[in-house]
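**Q** Any chance you can model this:
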Amino acid sequence: MKPVRTTLIILLTVAGVLAARRWLGEPIYIASDSMAPTLTKGHHLVLDKVTFRLRAPARGEIIAFKSPVGEAHESVKRVIAVGGDTVELREKKVYLNGEPQLEVYAYYARPGEALKGDTMPPSLVPEGALFVLGDNRDNSNDSASWEDPATGRPPLFLPLASVTGKVRGAY
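**A** Okay, the predicted model is just below:
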């Protein structure tokens, strides 16, 4: 009887761990420097999958999401604007609802270079969507630089349905 009991305990434990990873949280690994200096390549973090079931992401939060342009991996970026906000980029500077933003976390690896996504006309974020940017603005594939492979046009906004969780502390 002991082998059956041991097998049952192991199966229940594995099922519990898999359920927790699916619905509560899971470890994630930062594979690029698109969020540097806040999060650098190699950081190990916890992805909280519960918080955004209770409320929508807020400006300034760091989130994980499925790519809106078909990339096979999940990405981690900062929420800059939410539904109903107007966002604009002028020569790398973010304007939210017409006001320039003080972004102490933003890093520009190539400050003197004009890059795709450095300037964007005012755009209204639709309800149910987010505008997200990496903290390493010159080296981030995000709302300012995404390109839909099917149309070649930028989608600009991330659907809330693509958000997989809130990034929490390192371990």
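
**Q** Please count neighbours and contacts with C-alpha atoms only from this point.
**A** Will do.

**Q** Show me where the protein dips below the pLDDT cut-off.
**A** By pLDDT under 70, the low-scoring segments of the chain are 1, 19-20, 23-24.

**Q** Please go through it and pick out the longest helix.
**A** When the chain is parsed with DSSP state H, its longest helix is helix 2-23.

**Q** List the neighbouring strands of whichever helix or strand comes after that one plus their orientation.
**A** Proceeding N to C from helix 2-23, the next assigned helix or strand is strand 25-29, under DSSP states H and E. Strand pairing for strand 25-29, determined by DSSP bridges: strand 44-48 (antiparallel).

**Q** Dump the strand it pairs with to CSV, restricted to CA.
**A** The C-alpha trace of strand 44-48 is given here as CSV (Å, rounded to 0.1, in the frame of the first residue of the first chain):
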residue,chain,number,x,y,z
HIS,A,44,14.5,36.2,-12.0
LEU,A,45,11.1,37.6,-11.0
VAL,A,46,7.6,36.4,-10.0
LEU,A,47,4.7,36.9,-12.3
ASP,A,48,1.5,37.6,-10.3
